[in-house]
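Sequence below, structure please.
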Amino acid sequence: MIKKFIEWIGIKGKLHNSDHIPPLFKEGEVWWCHMGENVGIEVNGKSQLFTRPVLIFKKYDRYSFLGLPLTTKMKTGTWYVSISLKGQDQVVVLVQGRTYDYRRLKEKVGELEKSHILNVQKGYFDLHITNIKKWHNTQKALHEMILS
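The predicted structure is shown next:
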């Protein structure tokens, strides 16, 4: 385990110090991304390069994006959305989204069909925004109770 962290630190240092022009990437594309060796239930990269396919869910600027990792292990539930990419069934892991720097991008895998993008967006917003709405409604009710 410690050996993997040390190997990842070496690769991460090279990525951090790399001086290259950001690749052109856009929302809906899937790229091999240097994920690294992570902690606990966090999704890790695979192979000696610690890479995994990641969906560019939201592009913030030419340097960063919100990425959602993919897996070929079939999973079901509100945390996952099934897709197909280049004829292979995969699952987008909605709960493992995070901000990535462009230097983690290795190479483009492909682009999702519009229907898959819409399914991922719906799953993401249902999972995350529904909870925010519930919290907001609870806060509103508490506030009204205090005022009455």
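
which ones are touching the closest residue to Val30 other than its chain neighbours?
Counting by C-beta to C-beta, 6 or more residues apart in numbering, Val30 lies nearest to Val109, which is 4.4 Å off, once chain neighbours are set aside. Quick note: C-beta positions are derived from backbone N, CA and C, even for glycine. Contacts for Val109 (C-beta atoms under 8 Å, 6 or more residues apart in numbering) come out as 29-32, 53, 85-86.

Okay, and which of these map to strands?
29-32, 53, 85 (DSSP state E).

All the strands of the protein, in order from the start?
29-34, 51-59, 64-71, 80-85, 88-93, 98-101, 105-111.

Not counting its own residues, what contacts the shortest one?
By C-beta under 8 Å, 6+ apart, the surrounding residues in contact with strand 98-101 are 33, 54, 60, 63-67.

In the sheet, which strands lie alongside it, parallel or antiparallel?
When pairs are called by DSSP bridges, strand 98-101 turns out to pair with strand 64-71 (antiparallel).

who touches the partner strand?
25, 27, 30, 33, 35, 43, 52-60, 83, 85, 90-94, 96-102, 120, 124.

Now restrict those residues to buried residues only.
By neighbour count, with 16 or more other C-beta atoms under 10 Å, the contacts of strand 64-71 hold 25, 30, 33, 35, 43, 52-57, 59, 83, 85, 90-94, 96-97, 100, 102, 120, 124 as buried.
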